[in-house]
Every structure is written in C-alpha cells, then in structure tokens.
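**Q** quick one, structure for this:
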Amino acid sequence: MHRLTVCYGRPQDPAAFDAHYRDVHRPLAEKIPGLQSVRLGACEGIPAPDGTSTEAPYYLVAELEFADAATLAAALSSPEGAAAAGDLENFATGGVSLFVQRDLV
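**A** Numbers count the residues shown, from 1 in each chain. From the prediction side, this is the model:
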C-alpha cells in the first residue's frame with residue numbers, strides 16, 4: 001500500500017478552506033484513478049499538564065491510498081491528478097507539504 005500524504009498548513013480563512021475542500025477539492029480528488037480510499041484528520045495541538053496546548057503544525061492531513069507505487073505514479077500524472085493538484089492554489093493559503101508513505105513489512 002502507498003499513501004500520498006497531504007499536510008495543509010493553517011489557512012487564512014478556515015471556514016472558506018473547509019467549504020472549498022468539502023465542495024470542490026475532495027470531489028476532484030475522489031476522481032483520481034486508482035484511488036482506493038481517503039482518510040482525513042483535523043490536527044490539534046498536544047495538551048500540556050497546565051491546561052494549555054501546543055499549536056499543531058498542520059490544519060488538516062489527508063491520506064490518499066493506492067495499491068502500489070506504479071498506481072500512485074499513474075494517478076499523479078493523470079488529468080484528474082493534475083486537476084486536483086492545480087486546485088491547491090485556490091484554497092490552501094497556509095501552504096501544503098506532500099510526501100509518500102509505503103507500508104513496511
């Protein structure tokens with residue numbers, strides 16, 4: 001299993017980010033060929049004993065799962081993958097970090 005992990009920095013307008021992600025970006029991403037599943041995680045800081053918490057380095061993390069490296073590479077070079085990548089500039093005002101994870105045996 002290979003996962004494209006997308007880490008979104010804190011956006012300038014979280015409500016606008018959430019709406020665009022839900023209504024535009026996620027539907028684009030779900031059309032990417034070979035995509036097996038999507039998992040989203042809202043990021044929170046780590047609570048401290050004194051009741052405060054650290055600020056999370058990211059706002060949202062998305063994991064897009066593919067069967068293998070070849071399927072992931074084909075997905076990223078597909079028109080649907082290009083459309084999803086091109087959409088990032090429309091809402092990801094906090095920046096984006098991407099990397100690939102592969103399952104270890």
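
**Q** who's in contact with Ala56?
**A** Cys43, Glu44, Gly45 (CB atoms under 8 Å, 6 or more residues apart in numbering). For the C-beta atoms, the positions are set from N, CA and C on the backbone; glycine is no exception.

**Q** surely the last one meets Thr54?
**A** The reference is to Gly45. Yes: judged on CB atoms under 8 Å, Gly45 makes contact with Thr54 at a distance of 4.1 Å.

**Q** looking at the contacts of Ala56, state which has the most neighbours.
**A** Counting neighbours by other CB atoms under 10 Å, the top entry in the contacts of Ala56 is Cys43, with 15 neighbours.

**Q** need the pLDDT of that residue.
**A** With respect to pLDDT, Cys43 has a value of 97.

**Q** show me the contacts for it.
**A** Contacts of Cys43 by CB under 8 Å, 6+ apart are Ala56, Pro57, Tyr58, Tyr59, Leu60, Val61.

**Q** wait, the third one touches Gly9, no?
**A** Yes: using CB under 8 Å, Tyr58 and Gly9 qualify as a contacting pair, with a distance of 6.2 Å.

**Q** pull up the overlap in contacts between those two.
**A** Ser97.

**Q** and the contacts of Ala56 as CSV, adding distance to Asp23 and secondary structure?
**A** Formatted as CSV, the contacts of Ala56 follow (distance: CB to CB, whole Å; DSSP: H, G, I helix; E, B strand; the rest coil):
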residue, distance to Asp23, secondary structure
Cys43, 21, coil
Glu44, 24, coil
Gly45, 27, coil
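
**Q** neighbours of Leu98, how many?
**A** 12.

**Q** which stretches in the protein count as strands?
**A** In the chain, the strands defined using DSSP state E lie at 2-8, 37-42, 60-66, 96-102.

**Q** which other helices and strands does the third one contact?
**A** Strand 60-66 makes packing contacts with strand 2-8, strand 37-42 when contacts are defined by 3 or more CB pairs under 8 Å, 6 or more residues apart in numbering; DSSP states H and E.

**Q** I'd like the average pLDDT over that strand.
**A** 98.

**Q** and it, what's buried?
**A** Of the residues in strand 60-66, Leu60, Val61, Ala62, Leu64, Glu65, Phe66 count as buried by neighbour count, 16 or more other CB atoms under 10 Å.
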